[in-house]
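Enquirer: Here is a sequence together with a model predicted from it:
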Amino acid sequence: MDKNVLRKKYSSLRQSLSEKEIDNLSLAIANQALQLPVWDKLYYHIFLSISEKKEVNTEFLLHILQGKDKSIGIPKADFENSQMTHILLQENTAIKISDYGIPEPTTGIAIPPQQFDVVFVPLLAFDEAGNRIGYGKGFYDRFLAQCKKDCIKIGLSLFKAEPKILAEALDLPLDYCITPQKIYTF
């Protein structure tokens, strides 16, 4: 199916969910995540949810990471050069909503992409082969290409997999995708 059609379909499906439904589904995703063989790693990257876009609420996963005393990086997007910097989340990290509606750190210690062992990846849709569709700006495709080869890429989705999404040359497939009902392994 065409990526733009899928973007519209899944954006619409998300918008039909209440905040309570998203929280319940997000908690189920966080509980599923505990089954993955990734908790012996040190550096984790996680996005902060854009509530207006009704993304998976990553607050539950953040609590797990903090409870396991992991080093956590959060992204800050630069729309002028279509790149992200990754800031170490600390107790005193100030978070501000950007002009694009994204919760981001204002300042902090940068972590290079090559340092991350695990990346939790936002997406709108994914398929049974681990291909994903984001918002179409390519921020995560560029970021994941800079990560080390054995970095574990984990998608978070409120919905089940599509049968097939046509991948493009720069697209990097996920290693896992967690939904409220199951974990897909690729």
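Expert: Looks like it came in fine.

Enquirer: Now the element after the longest strand belonging to the chain, going C-ward?
Expert: Longest strand in the chain, counting residues (DSSP state E): strand 71-78. Using DSSP states H and E, the helix or strand that follows strand 71-78 in sequence is strand 83-88.

Enquirer: what's the angle from that following strand to strand 71-78?
Expert: Going by axes from the mean of the first three to the mean of the last three CA atoms, to 10 degrees, strand 83-88 is angled at 150 degrees with respect to strand 71-78.

Enquirer: Give the rounded mean pLDDT of the next helix or strand after strand 83-88.
Expert: Per DSSP H and E, strand 83-88 leads on to strand 95-97 as the next helix or strand towards the C-terminus. Confidence for strand 95-97, expressed as mean pLDDT, is 96.

Enquirer: Residues touching strand 95-97, excluding its own?
Expert: Leu48, Pro103, Glu104, Pro105, Thr106 (CB atoms under 8 Å, 6 or more residues apart in numbering). In short, each C-beta sits where N, CA and C put it, glycine included.

Enquirer: export the residues you listed to CSV and tack on secondary structure and distance to Val5?
Expert: As requested, the contacts of strand 95-97 are exported to CSV (DSSP: H, G, I helix; E, B strand; the rest coil; distance: CB to CB, whole Å):
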residue, secondary structure, distance to Val5
Leu48, coil, 28
Pro103, strand, 29
Glu104, strand, 30
Pro105, strand, 34
Thr106, coil, 37
